[in-house]
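Asker: The following block contains a protein sequence and its predicted model.
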Amino acid sequence: MKIVAAGLFVLLVLCPLAGQESAAYNDIDYDYDYDYDDFFDFGENPHGMTIVGAVETTQQMIVIDRETIERSATRDLAALLQEETGMSVVRYGGYGNQTSINLRGFSTSRIAILIDGVPANSPRSGQFDINQIDLDNVQRVEVIYGGSDTKYNVSGALGGVINIITIKRQAPGLNFGFTVSNTGYLPGRHNLRQAEGAIGGPDFIDLVDMQSLSVSAGFGAERFSWRGSLFANRAGNHYLYEDDYGFARRKISNEVLDGGGNFLFMLPLANDASILFDTRLYYAQRNFPITMHSVGSALSTDLTISENIMFAAPVIFRDDLATDASFTWQTSMNEYGDDYSSSNDHYLTLINRWNWYPTANFTFRTGLDWRFLYINTNSPTELEPVKTGNIGGLYLTGEYSPTRDLLLIASLKGATDTRQAALIPKLGFSWRINPQFTLKNNYFRSFKFPDFDDLYYRSFDSLFVGNPHLRPEDGWGSDIIAEFIHNQNFSLVSTVFVQYIRDSIHWVKQGARWSPENVGTALFTGIDFRPAFSLPLDRGKFTFLQIGPHYQFQYSWLLSGDLDFSDSYRIPYMPVHIIGGTVDLRWETGSLLLSAHFESTRYADTTNQLVLDPHIVAHATLNQDMGERFTLFVSLRNFLNAQYESFASYNMPGISLVTGLRTSF
C-alpha cells in the first residue's frame, strides 16, 4: 500500500506537466528519428545492441548521437556525459586519472557499463576505465536511468545502464578519417615545491600540454565490411591550481601516455543474419603522484585486450523467433609501483538473448548472461585462495500492448555468484495518453553482489583489506516519468524517483585499517527536470538554436548504527543540487556549443566531516567546416577558471584551450 500511495502522489505531482505550453524538441532525449528499417545491423538501430534489444523502454532514457559527440569536442566519455546529460563525475585530477560516474547517487561500480550491449565493468572491482573509449569510434551512447534494466537485462545495474555503441556500418567503398587536437593550459607564476617562498615563472610548454590523435579506415561492400581505428594521447597534466592554503601550484608527476586500437569485420549471412568479429586493445603508462602535492610518483602500466564474436539473426528457425549471442574474452594486465606488484586477470563473458513474437501485441524475451573471472597475480596483495569467480543470471520478460499506446512489461531475473542466488522482479508500463504526452512508471528490486575487491582485496601494506563476510546490497526502487513534446519545438522530461538499499557497502576506517562494511541502509530520492527549446532560424546563415537546461534535486540518507533521518548524513560525493544545460547555435557551416554544470556542496566521507565546496564549470566549443571534408574545432574548457576539487585533495585543471582538426573521406 505504501508503494501504491507513493505512486499516486507522484502521479498527482507530474500530471500538471501535460498542460504546459511548449516550443522545442530535444533531439538527444528521444530516438524517434532513427531509421527503424535498419533493424538488423549491430548496434546502429534504436532496438539496442542487436535486433533483439527492446524497441521501447519504460525507463528514463537519453541518447547522445554521433553528431552531438562531434560537436561537443570532449576528450573522454565522462566529460561527454557530464556536459550532455548533467551527470555528476568524480575525477582524481586531469586526463588519465581514475574517474567515477554518478548516476542517481550510484557510482561506476553500481552502474552497468556496456560496450555494444556487452558488460564492460571489471568483475574484480566493478570499475571501468573510461580512457579506453575513443569517442571517434562511438556511434552513440544510451543512458538508461534506474535499476533492474529490462532493455539489455544485465546484472548489477543499481543506478542504471550506460551502453556505448561503436561505429560498425561502413559506407560503400574505402573510408578514411582522422582527428588531431592539442590542449594547452594557462601558464603562470606559481609557488615552487620544496622551496618555501620561491616563485617559478610561467612554463610556456604548458601551452602544448596534451596531444591527441585518432585515425580510422574502413571498407564497405555488399558481401562484407571492415573497420580499423587507432588512437593515442600524450598528457603532461601540468596545470596550475590553488592549494588548500591559497598558494598557486603547478601539477607535476602526473604524466600519461596511452593509446589503443580497434578492428572489426562484419559478414552478412542468410536471412539478414550477421556475424561480427571485434578486437580491441588499450595500453597506458601513468604516473600517479603519491599525494596530490607530491613530487614523487608511482608508475602504473595497463594493458587490456578484448576479443568479441557477435551473432545476430532477426529470423531463426521460424518467422517469429529472433536471437543474438556474444562471446567475449578479455585480458587485463597491470603493474604498479616500485615493488612491481602485478596482476593478470582474465574475463570470459557469454550472452544469449531470444525474442519470440507469438502475436502482434505480445513479445516474450528470455536470455542469459554469464561472466567468469580468473585472477593470476604474483603480488602478495591478494588472498591466496581467491583465484576464480562466477556471476550471471537468467531472465524472462513479457511485453504486452493491449492498445497501440500502452506497453506493459513484467520481468523476472534470477542472478547468482555461485555462493548465493536472488530473484529480481520488475514491473513497468508506458502509456502514451495523447500524441504529446507519455507517462511511464516502474517498480523494481535493486540487487548487487559484492565485487571481488570488496570481498578479498588486500593492499601491500595491509592498510586496505577486503571483507569476505559482506552481504549483497539489496532493496527496491520506483520512478515515474512524464514526457511531453509539442510541435517538435518544446520537450519536457520530468522524473521523480526513490530507491532504497539495505546493507549498503562502503569502505570505512576501523582503527588504522580500512575495510568495506555493510554500513546500513541508504535511501535516495529526487527529481530530474529536463525541458528543451528548439527554434529553427531563418536569419542569414543561422539555421537552428536549441536550449536544453536541466535540474536535478537528489537527497540521500545513510542510516547506519544509531543514525536516523534527522541526522541527514548523506552518501559521499552526492550533491543535492545539479544545475546545468547547453545552448547550441548552428549555422550552415558550423556550430557554437555553450555548456555549464553546477554542483552544490558534497561530502567526501560517510560521516560528512570532509566538505567539498560547490563549484560551477562552463565550456564553449566552436566547430567550423573548412571546405567539404575538414572541420576545425576550438574549445575553451572551464573558461570561468573555476578552482575546485572533484575528489578530496585532488584539484582539477583551470582554464584550457583545445584546438583540433577533424576530417573524413
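Answerer: The structure has been received and is ready for your questions.
Asker: Please, where are all the strands along the stretch 151-300 of the chain?
Answerer: Remark: strands assigned in the stretch 151-300 of the chain by DSSP state E, counting those that start in this stretch are 160-166, 173-185, 190-191, 199-200, 210-220, 225-235, 240-242, 248-250, 256-268, 274-289, 297-313.
Asker: go on, the stretch 301-450 of the chain?
Answerer: Using DSSP E, counting those that start in this stretch, strands in the stretch 301-450 of the chain cover 321-336, 341-359, 362-377, 388-403, 406-416, 421-432, 437-448.
Asker: pLDDT weak spots in the protein?
Answerer: Residues of the chain that meet the criterion pLDDT under 70 lie in 1-56, 194-196, 291-295, 338-341, 377-386, 539.
Asker: centroid residue for it?
Answerer: residue 162 (4.7 Å; C-alpha atoms, centre = their mean).
Asker: Pretty sure that one sits against residue 138.
Answerer: No - Residue 162 is beyond contact range of residue 138, at 11.5 Å (criterion: C-beta atoms under 8 Å). For the C-beta atoms, the positions are set from N, CA and C on the backbone; glycine is no exception.
Asker: Between these two, which contacts overlap?
Answerer: Common neighbours of residue 162 and residue 138 (criterion: C-beta atoms under 8 Å, 6 or more residues apart in numbering): none identified.
Asker: who does the top strand by length along the chain touch, helix- and strand-wise?
Answerer: For the chain, the strand that runs over the most residues, judged by DSSP state E, is strand 513-539. On a contact count with 3 or more C-beta pairs under 8 Å, 6 or more residues apart in numbering; DSSP states H and E, strand 513-539 meets strand 490-510, strand 542-559.
Asker: got JSON lines for the ones you listed, with mean neighbour count and distance to residue 222 too?
Answerer: As requested, the helices and strands packed on strand 513-539 are exported to JSON lines (neighbours: other C-beta atoms under 10 Å; distance: least, C-beta to C-beta, whole Å):
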{"stretch": "strand 490-510", "mean neighbour count": "20", "distance to residue 222": "39"}
{"stretch": "strand 542-559", "mean neighbour count": "19", "distance to residue 222": "35"}
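Asker: Throw those strands into a markdown table and include distance to residue 575, thanks.
Answerer: Formatted as a markdown table, these follow (distance: least, C-beta to C-beta, whole Å):
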| stretch | distance to residue 575 |
| --- | --- |
| strand 490-510 | 16 |
| strand 542-559 | 7 |
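Asker: which stretch among those strands comes nearest residue 216?
Answerer: Residue 216 lies closest, by C-beta to C-beta, to one member of the helices and strands packed on strand 513-539: strand 542-559, at 27.6 Å.
Asker: After the closest one, which helix or strand is next?
Answerer: strand 577-587 (DSSP states H and E).
Asker: Pull up the pairing partners for that next one, direction included.
Answerer: Sheet neighbours of strand 577-587, with direction, are listed as strand 542-559 (antiparallel), strand 590-599 (antiparallel) (DSSP bridges).
Asker: Tell me how far the shortest one lies from the chain's centre.
Answerer: Strand 590-599 sits 19 Å away from the centroid of its parent chain (C-alpha atoms, centre = their mean, to the nearest Å).
Asker: again with stretch 457-474
Answerer: Counting by C-alpha atoms, centre = their mean, stretch 457-474 comes out at 25 Å from the chain centroid.
Asker: Straight-line length of it, end to end?
Answerer: One end of stretch 457-474 sits 22 Å from the other (C-alpha to C-alpha, to the nearest Å).
Asker: buried sites along that stretch?
Answerer: 457-458, 464-467, 470, 472-474 (16 or more other C-beta atoms under 10 Å).
Asker: Any chance of JSON lines for the residues you listed, columns secondary structure?
Answerer: Putting those into JSON lines (DSSP: H, G, I helix; E, B strand; the rest coil) gives the following:
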{"residue": "457", "secondary structure": "strand"}
{"residue": "458", "secondary structure": "strand"}
{"residue": "464", "secondary structure": "strand"}
{"residue": "465", "secondary structure": "strand"}
{"residue": "466", "secondary structure": "coil"}
{"residue": "467", "secondary structure": "coil"}
{"residue": "470", "secondary structure": "coil"}
{"residue": "472", "secondary structure": "coil"}
{"residue": "473", "secondary structure": "strand"}
{"residue": "474", "secondary structure": "strand"}
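Asker: Can you tell me which of the residues you listed lies closest to residue 636?
Answerer: residue 464 (39.5 Å).
Asker: what's near enough to touch the closest one?
Answerer: When contacts are counted by C-beta under 8 Å, 6+ apart, residue 464 touches 457-458, 507, 513-515.
Asker: now for the strands of the stretch 301-450 of the chain, which one comes closest to residue 111?
Answerer: Per C-beta to C-beta, nearest to residue 111 of those: strand 437-448, 10.3 Å.
Asker: picking that back up, please name whichever of the strands paired with strand 577-587 is nearest to residue 89.
Answerer: Across these, closest to residue 89 is strand 590-599 (C-beta to C-beta), at 8.9 Å.
Asker: which helices and strands does the helix or strand just after the closest one pack with?
Answerer: Next helix or strand after strand 590-599 toward the C-terminus (DSSP H and E): strand 602-603. Under the contact definition 3+ C-beta pairs under 8 Å, 6+ apart, strand 602-603 sits against strand 611-612.
Asker: let's see it at 6 Å
Answerer: Of the remaining helices and strands, none touches strand 602-603 by 3 or more C-beta pairs under 6 Å, 6 or more residues apart in numbering; DSSP states H and E.
Asker: So in that sheet, which strands flank it, and in what orientation?
Answerer: Here, using DSSP bridges, strand 602-603 pairs with strand 611-612 (antiparallel).
Asker: tilt between the helix or strand following the strand it pairs with and strand 577-587?
Answerer: Note on strand 611-612: by DSSP H and E, the next helix or strand toward the C-terminus is strand 615-626. Here strand 615-626 runs at an angle of 20 degrees relative to strand 577-587 (axes from the mean of the first three to the mean of the last three C-alpha atoms, to 10 degrees).
Asker: what's the offset of strand 615-626 from the middle of its chain?
Answerer: That offset, for strand 615-626, works out to 21 Å (C-alpha atoms, centre = their mean).
Asker: List the buried residues of it.
Answerer: 615, 617-619, 621-623.
Asker: could I get the residues you listed as CSV with distance to residue 102?
Answerer: Listed next are the buried residues of strand 615-626 as CSV, based on distance: C-beta to C-beta, whole Å:
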residue, distance to residue 102
615, 15
617, 15
618, 20
619, 19
621, 23
622, 29
623, 29
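Asker: Now for the residues you listed: which two are most distant?
Answerer: Longest span within those, C-beta to C-beta: 615 and 623, 26.7 Å.
Asker: Bridged to the residue lying closest to residue 624 once chain neighbours are set aside, which residues?
Answerer: On the basis of C-beta to C-beta, 6 or more residues apart in numbering, the spatially nearest residue to residue 624 that is not a chain neighbour turns out to be residue 590, at 4.0 Å. Residues in a beta bridge with residue 590, per DSSP bridges, are residue 587, residue 624.
Asker: could you list every residue that touches residue 590?
Answerer: Contact partners of residue 590, counting by C-beta atoms under 6 Å, 6 or more residues apart in numbering, are 623-625.
Asker: Using TSV, lay out the strands paired with strand 577-587 together with distance to residue 408.
Answerer: Below are these laid out as TSV (distance: least, C-beta to C-beta, whole Å):
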stretch	distance to residue 408
strand 542-559	28
strand 590-599	37
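Asker: Next one: residue 179 from residue 663, what distance?
Answerer: 8 Å (C-beta to C-beta, to the nearest Å).
Asker: Neighbour count for those two, which is higher?
Answerer: residue 179 (22 against 16; other C-beta atoms under 10 Å).
Asker: give me the beta-bridge partners of that one?
Answerer: Using DSSP bridges, the bridge partners assigned to residue 179 are residue 214, residue 662.
Asker: I figured it hits residue 215, correct?
Answerer: No - Residue 179 lies out of contact with residue 215 (C-beta atoms under 6 Å); the separation is 8.2 Å.
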